[in-house]
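**Student:** Structure of the sequence below:
(2 chains)
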Amino acid sequence: MTSHVSAALAPGGDIPAPHIEYGQIMPILLVLGVAVAGVLVEAFVGRTWRYTVQVPLAFLGLAGGFAWTIVLGLRDETHAVAAEGALGVDGPTLFLQGTILILALVSLLLIADRGTGSFAAQAAALPGSEAEQRTTAAGIIQTEVFPLLMFAVGGMLIFPASNDLLTMFVGLEVMSLPLYLLCGLARRRRLLSQEAAVKYFLLGSFSSAFFLYGIALLYGYAGSVKLGDIAAEAGRDAGSETLLLGGIALLALGLLFKLGAVPFHMWKPDVYQGAPTPITALMASCTLVSAFGAMLRVFFVAFENLTWEWRPAMWGVSIITMIAGAVIAITQTDIKRMLAYSSIAHAGFLLTGVIATSREGLSSTLFYLAAYGFTTVGAFAVVTTVRDAGGEAGHLSRWAGLGKRSPLIAGVFAFFLLAFAGIPLTSGFTGKFAVFKAAVEADATPLVVVGVISSAIAAFFYVRVIVVMFFSEPEADGPTVVVSPATAAAVVLGLAATVVLGVLPQPVLDLAGHAATQMFVR
Amino acid sequence: MSDFPWLSVLIALPLVGAALVALLPREREALVKQFALLVSVVVGVLTVVMAANFDTGGARFQFEEKYWWIKEFGVHWAVGVDGIALTLILLSVILVPLVILASWTEADRSGGTDVPAKRSAKTYFALLLALEAAMIGVFAATDVFLFYVFFEAMLVPVYFIIGYFGGPQRSYAAVKFLLYSLFGGLLMLVAVLWLYPLSAKSPAEGGVGHGTFLFSELTQLTIDPTTAKWLFLGFFIAFAIKAPMVPVHTWLPDAAQQSPTGALVLIVGVLDKVGTYGMLRFCLELFPGAAKWATPVVLAFAVLSIIYGAVLAIGQVDMKRLIAYTSVSHFGFIVLGIFAMTSQAQSGAALYMINHGFSTGALFLIVGFLIVRRRSARIHDYGGVQKAAPVLAGMFLIAGLSGLSLPGLSTFVSEFLVIVGTFSAHRWAAILAVSGIVLAAIYILWMYQRTMGGPKVPAVEGMQDLTAREKWAVAPIIAIIVAMGFFPQPVLEVINPSVKETLVRVDQRDPAPKVTGNVAENGARP
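**Tutor:** Okay, here's the model as predicted:
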């Protein structure tokens, strides 16, 4: 190493500095920069002021990143590989990054909401200990949530943009590690929350290890971790097929874990239930978008010539994901667990768009992700508002008669559920229609039939929640509905997006279609 | 005047009305009702004005509008009506104000024998108006995607009406209704999706060169027979559930028993017609070859529906269930008429849709008035009502007789046309179907005898006769039933050109006398 450096320096030559296109990757840098600044704020700003500083900082970081993404999108010259081939800044990247940033902004509304108090006063204090009581009584509000959030979002931005597998792995870890922590920060039912965090961490580490192993195998096959190089090597049809197929399988496993496809979905219900609801909202929307973005890039770029190899397996995964998600959801009695299984079923629907491996498949998946993200953030925002003495009223039976007690919030939630079920004039229908249409055009009609059947099964449990809310009489000591302005804003944004993308989806479809026209850069 | 976007306005108006009703203060119940009635009357009047401008000798689809809606999917906001759609829209907009009038009091809006805790009136009327918008839209849509959207959107208000305002088993009935319809709808969705790549093929391969859902363009496709059969099934099962036909009819009796009677008039009277309308419009015209392929089976199920529905109706003890089963039988007749594929039978079927809407509507409304008085829908809770409430009993009799197709009442004409038209093409189906008429006499007259005739039971003592409001709600329907019994010609003139178009499309000529069976070649078109 030393000799190498000295050799480069010796003839008075310069070290070839890596060429970084700062402008193109500014959203990522901005978000990560704010995250670092957030850590400094934690260190140097007094406790009473931290919240006041952290929240605007986080908002500015996300909003700035979003604005920058829009500018990049408008300039429309963006199909390039940036940062020495580490990141691909192209249409899908910008669309996904924009979606992640705006969804993270909406989630931030929930996270920053002090009224709901979702986070533990001091994460280090053991549950039930004296320290916990003391910190809670002192009314301390921890603000390390914000830098953690920004790091996670930074990772989410890198993950789908990565043009080589190592960057992708770094993105994956930058995204995942803060999320593991955030999951354990619930203020109430802390043991459940910590159990969720540990479970997520352990299973997530396994999947990361598989992912990394897959990278190693693919490197062994292609001699490069660049997606484009792997595709070129696979196109030459040389090298060891064992390494290649093993690599694909392990890489797919890591990715499918992140998006919660069956049979790698075990963490999802527990984590969604245990995590503080604002964090669940973040994971259900932004993490899913990010993971699907990475999935699309890997399978559309690196394995594009190998569709015959991976498609049958993906068919299987998609089918069991749709069916298992829908069927198991029926038996759930906790609202967050139910939404978790619903998210699994939706991951199955989204996979049909990936399997289409066409431009339509790409653009429809992008659209679906945006549509589903908004609806799901809105739905979890509603979940935070329905509260008992002991925090959120998670059990479905506690929601009985909510339509009487609070018709507006119950009506909005019913609308979100109808959107999940894919009733026309909601974004859920438009998204489902888009991916199914792409699948039919790609001769995957049986997949669409399964998708439609599991939609019908899924409709049953969405409808059941509506029955509970509207058609049963309220309990005497039922939960109360507390809506603070920030949460209300999140709900309204989710609702607006669900309606607009259902009734007038053309502009966003155009946007997704435009993003997909040139597919991915190499 | 012809450029006026009639249909879009007719769809938007009730929707805006529904939103305004929902925004009115809950306490102003009288205002809510008056406003809802006003909106529905305005919609009705506008529709009648539009219908007056309909040119029976003109183009098939009139008042057409076409704008891009979702260009990415090739979806248009395309509306337009032919004679059949126009008469069905008229049926809807006439029934809605009457239903609103009949649902005036709290008791009218409860679906069963017990009154659920006080429900808000404005929710009910807002849902009714939203339903009206969807009903107009579903008949007016000339884009298959748009049709599907309205088809599904229609479910939501009905689901909430049954679940929120229904009888003791309301949530069971509501969920059953929704899941049945949704399942059928999703099968249809697959078929709708499938049409897109087919239409995107080049004309040489049987497509039109661009992905589309426009009905007018889809009829030009040449679809290979196997695919067409699958697509036909996707549409047909959805419509058979909607109509409903045996064996997928079981949601209807439950929904009928639990639903508030006002909404029930619309569910059975109009909503279910979407099923038969869809068969006539989409199954036959988009997949003529497959429709002919399926004809024997469909006819068998139609006859089964006629007889099975009627037999079960006889055995019912709940009047709402009884009428629901009679509807299953009547829908059998309509399907029989559609798939007999003769002009008489199809005209009869199209007319039957209208007549059944009115006659069943009247029956349900009157049963609703009985339930308000006695808090029961069970037949054996009544007896001798005609002595206590003669006007009510009289109206019930006329509505009932129209249900059994007494000559001189509107349903006779349509049932006669269906049977005569079927007889010339499928003799045995017609002969078996006639037994449905005999059974109809049993279930209607026996119900009348047990509830209205005989000695007064104590509970009926002092029963109030129809109030002025109730008379206003039922009398127009009775008038229409009688008028159309004697003068069906104007309506037939509107319907017939559309029926002819359909038959040309399926390349079916009326068989000459004594010739039975299919004479046309499969799928060939002039």
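**Student:** Please make it C-alpha for all contacts and neighbour counts, starting now.
**Tutor:** Noted.
**Student:** Would you mind listing what in chain A touches chain B?
**Tutor:** With CA under 8 Å from any CA of the partner chain as the criterion, chain A meets chain B at residues A:423-425, A:433-434, A:436-437, A:440-441, A:448-449, A:452-453, A:456, A:459-460, A:463-464, A:467, A:470-471, A:504-506, A:509-510.
**Student:** how about the helices of the stretch 1-150 of chain B, start to end?
**Tutor:** Counting by DSSP state H, counting those that start in this stretch, the stretch 1-150 of chain B has these helices, from start to end: B:6-23, B:29-52, B:83-102, B:121-140, B:144-153.
**Student:** Return the distance of the longest one from the chain's centre.
**Tutor:** Right, helix B:29-52. 20 Å (CA atoms, centre = their mean, to the nearest Å).
**Student:** Just want the angle from it to helix B:83-102.
**Tutor:** 160 degrees (axes from the mean of the first three to the mean of the last three CA atoms, to 10 degrees).
**Student:** Going by neighbour count, list what's buried in helix B:29-52.
**Tutor:** B:29, B:32-33, B:35-37, B:39-44, B:46-48, B:50-51 (16 or more other CA atoms under 10 Å in any protein chain shown).
**Student:** do the same with stretch B:478-496
**Tutor:** Residues of stretch B:478-496 classed as buried: B:478, B:480-482, B:484-485, B:488, B:491-492, B:494-496 (neighbour count, 16+ other CA under 10 Å).
**Student:** Low-confidence ranges, chain A, go.
**Tutor:** A:1-13, A:77-78, A:115-116 (pLDDT under 70).
**Student:** name the helices or strands packed onto the longest helix seen in chain A?
**Tutor:** The single longest helix within chain A, with elements called by DSSP state H, is helix A:190-222. Helices and strands touching helix A:190-222, by 3 or more CA pairs under 8 Å, 6 or more residues apart in numbering or on different chains; DSSP states H and E, are helix A:165-183, helix A:227-236, helix A:241-259, helix A:267-274.
**Student:** okay, these, which one's buried deepest?
**Tutor:** Mean neighbours per residue, mean count of other CA atoms under 10 Å in any protein chain shown, is largest over these for helix A:267-274, with a mean of 24.
**Student:** any idea where the helices of the stretch 201-350 of chain B begin and end?
**Tutor:** B:215-218, B:225-242, B:251-258, B:261-266, B:273-278, B:284-286, B:288-314, B:319-340, B:343-374.
**Student:** meant to ask about the stretch 401-522 of chain A, not that
**Tutor:** Using DSSP H, counting those that start in this stretch, helices in the stretch 401-522 of chain A cover A:402-405, A:407-421, A:427-441, A:445-466, A:485-503, A:506-517.
**Student:** For the last one, which outside residues touch it?
**Tutor:** If I follow you right, that is helix A:506-517. Applying CA atoms under 8 Å, 6 or more residues apart in numbering or on different chains, the contact partners of helix A:506-517 are A:90-92, A:94-95, A:359-360, A:362-364, A:366-367, A:501, B:69-72.
**Student:** give me that answer again for 10 Å
**Tutor:** Helix A:506-517 is contacted by residues A:73, A:76, A:90-96, A:358-368, A:370-371, A:430-431, A:434, A:500-501, A:519, B:68-73 when judged by CA atoms under 10 Å, 6 or more residues apart in numbering or on different chains.
**Student:** Select only the buried ones of these in PyMOL?
**Tutor:** Of the contacts of helix A:506-517, the buried ones go into a single PyMOL selection, burial set by 16+ other CA under 10 Å:
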select buried, (chain A and resi 73+90+91+92+93+94+95+96+358+359+360+361+362+363+364+365+366+367+368+370+371+430+431+434+500+501+519) or (chain B and resi 69+70+71+72+73)
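**Student:** Now intersect the contacts of helix A:506-517 with the strands, please.
**Tutor:** B:68-70 (DSSP state E).
**Student:** out of these, which touch chain A?
**Tutor:** Residues of the ones in strands among the contacts of helix A:506-517 in contact with chain A (CA under 10 Å from any CA of the partner chain): B:68-70.
**Student:** Now do the contacts for the residue of chain B most remote from its centre.
**Tutor:** Each residue of chain B has a distance to the centre, and by CA atoms, centre = their mean the biggest one is for B:Ala204: 39.0 Å. Residues near B:Ala204 by CA under 10 Å, 6+ apart: B:Thr222.
**Student:** Distance check, it against chain A.
**Tutor:** 18 Å (CA to the nearest CA, to the nearest Å).
**Student:** Pretty sure A:Ala326 sits against A:Ala458.
**Tutor:** Yes. Counting by CA atoms under 10 Å, A:Ala326 touches A:Ala458, with 4.7 Å between them.
**Student:** anything in contact with each of these two?
**Tutor:** Contacts common to A:Ala326 and A:Ala458, judged by CA under 10 Å, 6+ apart, are A:341-342, A:345-346.
**Student:** Highest neighbour count among those residues?
**Tutor:** Using other CA atoms under 10 Å in any protein chain shown as the neighbour criterion, A:Ala345 leads the shared contacts of A:Ala326 and A:Ala458 with 32 neighbours.
**Student:** Regarding that one, what is its secondary structure?
**Tutor:** What DSSP: H, G, I helix; E, B strand; the rest coil gives for A:Ala345 is helix.
**Student:** give the contact list for it.
**Tutor:** A:Ala345 sits in contact with A:260-262, A:318-329, A:339, A:351, A:420, A:451, A:454-455, A:458, where contact means CA under 10 Å, 6+ apart.
**Student:** Can I have the buried ones of the residues you listed as a ChimeraX selection?
**Tutor:** In ChimeraX, a selection of the buried entries from the contacts of A:Ala345 looks like this (16+ other CA under 10 Å):
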select /A:260,261,262,318,319,320,321,322,323,324,325,326,327,329,339,351,420,451,454,455,458
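**Student:** Among the contacts of A:Ala345, which ones are in strands?
**Tutor:** Per DSSP E, the subset of those in strands is empty.
**Student:** taking the contacts of A:Ala345 one by one, which sit in helices?
**Tutor:** A:318-329, A:339, A:351, A:420, A:451, A:454-455, A:458.
**Student:** For residue 137, the count of nearby residues, please.
**Tutor:** Going with chain A. 10.
**Student:** should've been chain B
**Tutor:** The number of residues near B:Gly137, taken as other CA under 10 Å, comes to 26.
**Student:** Verify the stated contact: it with B:Leu13.
**Tutor:** No. In this structure, B:Gly137 is not within contact of B:Leu13 by CA under 10 Å, at 11.4 Å.
**Student:** list the residues that contact both of those two?
**Tutor:** B:Leu7.
**Student:** what residues are up against A:Val39?
**Tutor:** A:33, A:54, A:143-144, A:146-148.
**Student:** name the element it belongs to?
**Tutor:** Using DSSP states H and E, A:Val39 sits in helix A:26-44.
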